[in-house]
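Peer 1: pasting the structure only:
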């Protein structure tokens, strides 16, 4: 199967109501003007906002691989979503500083960088503009009764900051603690119950899958 670009959108909390994973040192840096985002970046084992399901084994492997990228401080992401798998340094706005698993959730910390794109991002957040987080990766998929299953060839590339009005709820606002957090709940997919999904389910019933 040929690989395709897979992008998943996640909702970022408004008002700082998500659990805060910042250390005392990070909180001190936030009070001095740094912008740090924390929260859920991905999930495995359940249908996400785009109707796709990531297997536990596959996502665990990619998190372990990404930890090495984080340790090397190469875990940068872009402001806005490109249509390819290349991370363009001129558009980099933030750095993932930590990533770990909590149950079936992929948790993480992102720090906004003092780059041109990072300065734009910081200004947008401070002005209360609603933004979202999105993972980017390459992989093939197959259709199942549980949804679109992501295959083992999936490769996580990065996490981007986006604004996606067509995705319900995938936005963020400033927290009351001068830090910013990501919602642990993914957004609902707008076409989850499309005619294609219903027809596909009926076909599976007919052939006994």
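Peer 2: Done, it's in. Values in this document were obtained by computation on a predicted structure and should not be read as measured data.
Peer 1: can you map out the strands along this protein?
Peer 2: Using DSSP state E, the strands of the chain run over 4-12, 36-43, 52-53, 76-78, 92-102, 105-112, 132-139, 141-144, 147-150, 155-162, 180-186.
Peer 1: Point out the one among the ones you listed that comes closest to residue 124.
Peer 2: Closest approach to residue 124 among the strands of the chain (Cβ to Cβ): strand 155-162, 8.9 Å. In short, each C-beta sits where N, CA and C put it, glycine included.
Peer 1: got the angle between that closest one and strand 92-102?
Peer 2: Strand 155-162 runs at 120 degrees relative to strand 92-102, counting by axes from the mean of the first three to the mean of the last three Cα atoms, to 10 degrees.
Peer 1: can you point me to the longest helix in this protein?
Peer 2: helix 56-71 (DSSP state H).
Peer 1: Show me what that helix is packed against.
Peer 2: With contacts defined as 3 or more Cβ pairs under 8 Å, 6 or more residues apart in numbering; DSSP states H and E, helix 56-71 has these neighbours: strand 92-102, strand 155-162.
Peer 1: Return the set of buried residues in that helix.
Peer 2: Residues of helix 56-71 classed as buried by neighbour count (16 or more other Cβ atoms under 10 Å): 58-59, 62-63, 66, 69-70.
Peer 1: Test my guess that residue 92 contacts residue 116.
Peer 2: No. Residue 92 lies out of contact with residue 116 (Cβ atoms under 8 Å); the separation is 9.2 Å.
Peer 1: ok, the two, which is more surrounded?
Peer 2: Neighbours per residue (other Cβ atoms under 10 Å) separate residue 92 from residue 116, with residue 92 holding more: 19 against 13.
Peer 1: Give the burial count for residue 99, as a bare number.
Peer 2: With other Cβ under 10 Å as criterion, residue 99 counts 22.
Peer 1: change the start of the numbering to 49 and stick with it
Peer 2: Got it, first residue is 49 now, which makes that one residue 147.
Peer 1: The closest residue to it other than its chain neighbours pairs with what?
Peer 2: Take residue 147 and drop its neighbours on the chain: the residue closest to it by Cβ to Cβ, 6 or more residues apart in numbering is residue 156, 4.3 Å away. Here residue 156 sits in beta bridges with residue 87, residue 147, going by DSSP bridges.
Peer 1: what sits against residue 156?
Peer 2: Residue 156 makes contact with 86-87, 89, 144, 146-148, 207 under the criterion Cβ atoms under 8 Å, 6 or more residues apart in numbering.
Peer 1: Could you measure from it over to residue 130?
Peer 2: Going from residue 156 to residue 130 by Cβ to Cβ, to the nearest Å gives 20 Å.
Peer 1: Kindly report the same for residue 120.
Peer 2: For residue 120, the distance to residue 130 equals 22 Å [Cβ to Cβ].
Peer 1: And residue 169, by the same measure?
Peer 2: Distance of residue 169 to residue 130, given as Cβ to Cβ: 15 Å.
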